[in-house]
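>>> Just the structure for this:
(chains A and B)
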Protein chains: 2
Amino acid sequence: MTSLPTAAEVEQAAARIQGAAILTPLLQSSLLDARVGARVLLKVEALQRTGSFKFRGAYNRLVQLNAQERAAGVVAFSSGNHAQGIAAAAQLLGMPASIVMPRDAPAIKVENTRAYGAEIVLYDRLYESREDIAARLAAERGATLVPSFDDPHIIAGQGTAGRELMQQAGAHGALPDAVYVPTGGGGLIAGCSLAIKAACPATQIFAVEPAGFDDHRRSLESGARAANAKDAKSFCDALLAPEPGELTFQINSRTLAGGLVVDDDEVARAVSFAFRNLKLVLEPGGAVALAAALAGKTVTNATIALVCSGGNVETDTFVDCLQRFPDP
Amino acid sequence: MTSLPTAAEVEQAAARIQGAAILTPLLQSSLLDARVGARVLLKVEALQRTGSFKFRGAYNRLVQLNAQERAAGVVAFSSGNHAQGIAAAAQLLGMPASIVMPRDAPAIKVENTRAYGAEIVLYDRLYESREDIAARLAAERGATLVPSFDDPHIIAGQGTAGRELMQQAGAHGALPDAVYVPTGGGGLIAGCSLAIKAACPATQIFAVEPAGFDDHRRSLESGARAANAKDAKSFCDALLAPEPGELTFQINSRTLAGGLVVDDDEVARAVSFAFRNLKLVLEPGGAVALAAALAGKTVTNATIALVCSGGNVETDTFVDCLQRFPDP
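Below is the predicted model:
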């Protein structure tokens, strides 16, 4: 597959990852419903293997390599969740993995990546190019370089989360009118949107981004890919891609209804809410869809599905959210 | 039903609570499996409505009251989770609820109980009798007094967690060789044991208790109900019952294989592990079964199911666990 993935490729990915990935639960909370004023479904990818949805795409990509390619290994660059996904998938498949990570990535993500048996290559996010380092490593070793979002198999793999969401929602008799998806490079939402639109064309899909990183919102409005300011900052470390992916935006520009933006305080409040009321550990980037719903950025009062995309948060960051926003 | 409940009554309870209670997920974690050295299944009742399994029994009890009884209301006494279960069930059924709670109950449990619309009556755990206060209130109002564990309908309702666990494990092709259940008064484990033994008579069921509150372990060994020391202390506030219940022990003395004991540090380590690796918020009493497995108190290296019974933990207590046990 060199062209854009389709809903059929998401189906194939679902068959490939079955047994390796966890069928994560679709949860409901009457307290959350009351707070948001809608029926809310939570697709909890924090409960996925490696603590985020990234394992889905990584496994779908690597399991398709042949024996020779597997022996030569995989190289990836990532601030953390893609790193863990690739490392865990490579370990399951008996492949060597080298991951290029920024020096300022959360320690928990670096440690966990190493715990999955990967070699870690640290770089400086301001002065070095992770693309160059990773490309050089891959060339030296004949290894496969796997990008974190702009790859058809990665997109199709992440889409399995959306496919499951629609199947589980259907089993509850509650197909969502809108789905909110945390968005960085756009791989998760691109894959999910293929599966969601195939299951229910009327469902509206929204990218949720941190303030300062609302490249999808602006790109969807203008119709062309727009980049974020280079000095933008957010504590949603999982969502700091500089601009929409080339492949992902070709899909997202067709499938998405728009973008929603949340600031860091709204996200911290959502992290605290999830701790207090949902008993879930969400990382900032994994909580932006919940944050949008809690902040009243709702587009329907019927049924909304929120993807909670990851839970790999540093203790200090998590504790800070709980202490700053102690209200139930 | 005035006699002991049976597995058939757990079935009936399951039909009654359907739609009101959440079908909580049965989760797996490859990291946990590796750490414990067994296949581990987690029945996560922290994700139940009100944040603990207690809603199951409460709703099963109250939904059977007639219109006149419902109008007269319900009275209960509880350190917290039963309080929230009763309050939420009463609210759903349009009944007034009065809950007698100790002054030193976690604030989150008092606040949440009030948020479900219940009247809170505080008492001093050392100098007053909650039984007397609740009995007086119930008599004055003609209300129904619902005990937290020693009641056939409460036991049958809690048992629905065990019934679901076995159905979900069966769907995974992994019926557990052993099930660990957090145990205070013994209502959850009594009900669960009825359902578990009906589904798979060979499965061994173990009560897990905090050190100083190992009344079930000792009672199961001696064959007669034994009480805990009056000055015993543990931060597992959900599991501080003084002795096994009368009805619950009639069941548990037949169905359980024994008791396991964990100290507060082992529990705190489990709370931290659940945060870091499972992305779940567990309260100390809800984490004792996980604590026993992580501490190597394993009775089989095949398949173990752990009930994670609740997640209503104070922020300070939770943060203390994370900071004292920072290792992954």
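>>> Can you list the helices and strands that the helix or strand encompassing A:Asp265 packs against?
In the assignment (DSSP states H and E), A:Asp265 maps to helix A:264-273. Other helices and strands packing on helix A:264-273, by 3 or more CB pairs under 8 Å, 6 or more residues apart in numbering or on different chains; DSSP states H and E, are helix A:288-294, helix A:315-324. C-betas here are computed from N, CA, C, even on glycine.
>>> Figure out how far it is from the centre of its chain.
When C-alpha coordinates are averaged (CA atoms, centre = their mean, to the nearest Å), helix A:264-273 and its chain have centres 18 Å apart.
>>> how about the CA coordinates for it, as PDB?
This file holds the C-alpha atoms of helix A:264-273, laid out as PDB (Å, rounded to 0.1, in the frame of the first residue of the first chain):
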ATOM      1  CA  ASP A 264      -3.400  24.000  29.500                       C
ATOM      2  CA  ASP A 265      -5.700  24.900  32.500                       C
ATOM      3  CA  GLU A 266      -8.700  23.300  30.800                       C
ATOM      4  CA  VAL A 267      -6.500  20.200  30.200                       C
ATOM      5  CA  ALA A 268      -5.200  20.100  33.800                       C
ATOM      6  CA  ARG A 269      -8.800  20.400  35.000                       C
ATOM      7  CA  ALA A 270      -9.700  17.400  32.800                       C
ATOM      8  CA  VAL A 271      -6.800  15.300  34.200                       C
ATOM      9  CA  SER A 272      -8.000  16.100  37.700                       C
ATOM     10  CA  PHE A 273     -11.600  15.300  36.800                       C
END
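>>> sorry, back to before: so which of the helices and strands packed on helix A:264-273 is nearest chain B?
With CB to the nearest CB as the measure, helix A:315-324 is the member of those nearest chain B (5.0 Å).
>>> Give me the average confidence score over that closest one.
For helix A:315-324, mean pLDDT rounds to 97.
>>> For it, name the packing helices and strands.
So helix A:315-324, by 3+ CB pairs under 8 Å, 6+ apart, packs with helix A:264-273, helix B:315-324.
>>> from those helices, which stretch is densest packed?
Most buried of these by mean neighbour count (mean count of other CB atoms under 10 Å in any protein chain shown) is helix A:264-273; its value is a mean of 23.
>>> Return the residues of chain A in contact with chain B.
A:22, A:25, A:27-30, A:46-47, A:49, A:51, A:108, A:111-112, A:115, A:275-282, A:311, A:315, A:318-319, A:322-323, A:326, A:328 (CB under 8 Å from any CB of the partner chain).
>>> where does the stretch 151-300 of chain A have low pLDDT?
Applying pLDDT under 70 to the stretch 151-300 of chain A flags no residue at all.
>>> again, 80 this time
A:298-300 (pLDDT under 80).
>>> from it, which residue is nearest to chain B?
Chain B sits closest to A:Lys279 of the stretch 151-300 of chain A, with a gap of 3.4 Å, by CB to the nearest CB.
>>> give the contact list for that residue.
Contacts here follow CB atoms under 8 Å, 6 or more residues apart in numbering or on different chains; on that basis A:Lys279 touches B:Ala46, B:Leu47, B:Gly51, B:Leu280, B:Val281, B:Leu282, B:Gly311.
>>> Show me the subset of those residues that also lies near chain A.
Counting by CB under 8 Å from any CB, B:Ala46, B:Leu47, B:Gly51, B:Leu280, B:Val281, B:Leu282, B:Gly311 from those sit close to chain A.
>>> So which of those are in helices?
Under the assignment DSSP state H, these contribute nothing to helices.
>>> Among those, give me the pair with the biggest separation.
B:Gly51 and B:Leu280 (11.4 Å; CB to CB).
>>> Mutual contacts of the two, please.
Contacts common to B:Gly51 and B:Leu280, judged by CB under 8 Å, 6+ apart, are A:Lys279, B:Gly311.
>>> quick one: the strands in chain A?
In chain A, the strands defined using DSSP state E lie at A:26-27, A:39-44, A:74-77, A:97-102, A:119-123, A:144-145, A:178-182, A:204-210, A:258-262, A:303-308.
>>> Including distance to B:Gly191 and mean neighbour count, could the ones you listed go into TSV?
TSV is the format used below for the strands of chain A (distance: least, CB to CB, whole Å; neighbours: other CB atoms under 10 Å in any protein chain shown):
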stretch	distance to B:Gly191	mean neighbour count
strand A:26-27	23	22
strand A:39-44	27	25
strand A:74-77	48	28
strand A:97-102	46	25
strand A:119-123	48	15
strand A:144-145	52	17
strand A:178-182	37	28
strand A:204-210	41	26
strand A:258-262	42	21
strand A:303-308	31	27
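>>> so where's the stretch 1-150 of chain A shaky on pLDDT?
Using pLDDT under 80, the stretch 1-150 of chain A drops low at A:1-2, A:79, A:106, A:108-109.
>>> 70 - rerun?
Checking the stretch 1-150 of chain A against pLDDT under 70 turns up A:1-2.
>>> Can you show me the helices along it?
A:7-17, A:30-36, A:54-62, A:67-72, A:81-92, A:107-115, A:130-141 (DSSP state H, counting those that start in this stretch).
>>> gap between the shortest one and the chain center?
Relative to the chain's own centre, helix A:67-72 is displaced by 27 Å; criterion: CA atoms, centre = their mean.
>>> Next, the residues that contact it from outside, please.
If you take CB under 8 Å, 6+ apart as the criterion, helix A:67-72 is touched by A:Leu62, A:Leu93, A:Gly94, A:Met95, A:Arg141, A:Gly142, A:Ala143, A:Thr144.
>>> try 10 Å
The contact list for helix A:67-72, computed with CB atoms under 10 Å, 6 or more residues apart in numbering or on different chains, reads A:62-63, A:65, A:90, A:93-96, A:138, A:141-144.
>>> In the stretch 51-200 of chain A, what residue lies closest to chain B?
For the stretch 51-200 of chain A, CB to the nearest CB, closest residue to chain B: A:Gly51, 5.8 Å.
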